[in-house]
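Student: one predicted model, sequence on top.
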Amino acid sequence: MKYLAETDSLTGLLNRRAFSQNAQTILDDTQDSKTSISLILLDIDHFKQVNDNHGHLTGDHVLCTVARTIQATLRQEDLLARFGGEEFVILLNNTTLSDAKQITERLRIAIETLQIPHKNTRLQCTASFGITSLLSGDADITSLIKYADEALYQAKSQGRNCWCISTATI
Ligand SMILES: Nc1nc2c(ncn2[C@@H]2O[C@H](COP(=O)(O)OP(=O)(O)OP(=O)(O)O)[C@@H](O)[C@H]2O)c(=O)[nH]1
C-alpha cells in the first residue's frame with residue numbers, strides 16, 4: 001500500500017508527495033551540518049511535440065526511458081522523483097553547486113544522446129535544467145524548489161538543452 005501511495009505509476013519513481021516527505025527528512029537530518037545541499041529540476045524539451053507527432057503511448061515510453069536514464073546516471077543516495085508531467089526533481093545531499101553542475105551536465109548529455117527505438121526510426125530528446133544550492137542549515141524544500149524553478153525558466157528562455165543556476169548565495 002505504501003509503495004503505491006509513494007510511487008508514480010508510469011515511471012516507478014517516487015511521486016511528488018513522497019519526494020517532499022523524503023526531502024524534508026533529509027533536510028531535518030542535516031539542519032546542523034555545514035554541508036551544501038543542491039536541487040535540480042529537469043523538464044523535457046518540447047515534449048508536447050512527441051505526443052502530437054507519435055502519440056501518447058510513445059510519449060509515455062519516452063518518459064520512462066528518460067526516467068531510467070536519469071536514475072542510472074545518479075548515485076544511489078540521490079533522491080529522484082517525477083515532479084509532474086514531463087518534469088523530474090533531484091535532491092543531491094552533501095553536494096556543492098560545483099558538483100551539482102557537473103552532475104547536471106552529465107544528465108544533459110545522457111539525455112541528449114539517447115536514441116529511443118520507435119517503429120523504423122530512433123527518437124531523440126533533450127531537457128532543460130534548473131540548479132540551486134544552499135547550505136543545509138539555510139535550506140528548506142520550498143526555497144530549493146523555488147530557486148530551481150526560476151533557473152529552469154531561464155534555461156527554457158535561453159533556448160533549452162542547457163542548465164541555469166539560481167541561488168540565494170550567488
Ligand atoms: N505521454 C504523456 N504525456 C504527458 C504526460 N504528462 C504530461 N504529458 C504531456 O506533456 C506535455 C507538456 O507540454 P508543455 O507543458 O507545453 O511543454 P513542452 O511541450 O515540453 O514545452 P517546453 O517545456 O516549453 O519545452 C503536454 O502535451 C502533456 O500532455 C504523461 O504522463 N504521458
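Tutor: Happy to help now that I have it.
Student: which residues are in contact with the residue of the chain found nearest the ligand?
Tutor: Going by Cβ to the nearest ligand atom, the ligand is nearest to G59 of the chain, at 2.6 Å. For glycine as for every other residue, the C-beta is placed from the backbone atoms N, C-alpha and C. Contacts here follow Cβ atoms under 8 Å, 6 or more residues apart in numbering; on that basis G59 touches 47, 50-51.
Student: what do you get if the cut-off is 6 Å, keeping everything else the same?
Tutor: Listed by Cβ atoms under 6 Å, 6 or more residues apart in numbering, the contact set of G59 reads 50-51.
Student: swap in N22?
Tutor: L79.
Student: just the element for it, please.
Tutor: Per DSSP states H and E: N22 is located in helix 16-29.
Student: which parts of the protein sit against the ligand?
Tutor: The chain has residues 10, 43-48, 51, 56, 59-60, 63, 85-86, 156, 160 near the ligand, with proximity defined as Cβ under 6 Å from any ligand atom.
Student: how about the helix holding N22: buried residues?
Tutor: For helix 16-29, the neighbour count (16 or more other Cβ atoms under 10 Å) marks 18-20, 22-23, 26-27 as buried.
Student: phi first, then psi, for the residue nearest to V50 when sequence neighbours are not counted.
Tutor: Ranked by Cβ to Cβ, 6 or more residues apart in numbering and with sequence neighbours excluded, the top spatial neighbour of V50 is G59, at 4.9 Å. Note on G59: its backbone torsions stand at phi -60, psi -40 [degrees, to the nearest 10].
Student: before we move on, what about K119?
Tutor: Torsion angles, degrees, to the nearest 10, at K119: phi 50, psi -120.
Student: returning to that earlier point: reformat the buried residues of helix 16-29 as JSON lines; add pLDDT.
Tutor: Below are these laid out as JSON lines (pLDDT from 0 to 100):
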{"residue": "A18", "pLDDT": "96"}
{"residue": "F19", "pLDDT": "97"}
{"residue": "S20", "pLDDT": "94"}
{"residue": "N22", "pLDDT": "95"}
{"residue": "A23", "pLDDT": "95"}
{"residue": "I26", "pLDDT": "92"}
{"residue": "L27", "pLDDT": "90"}
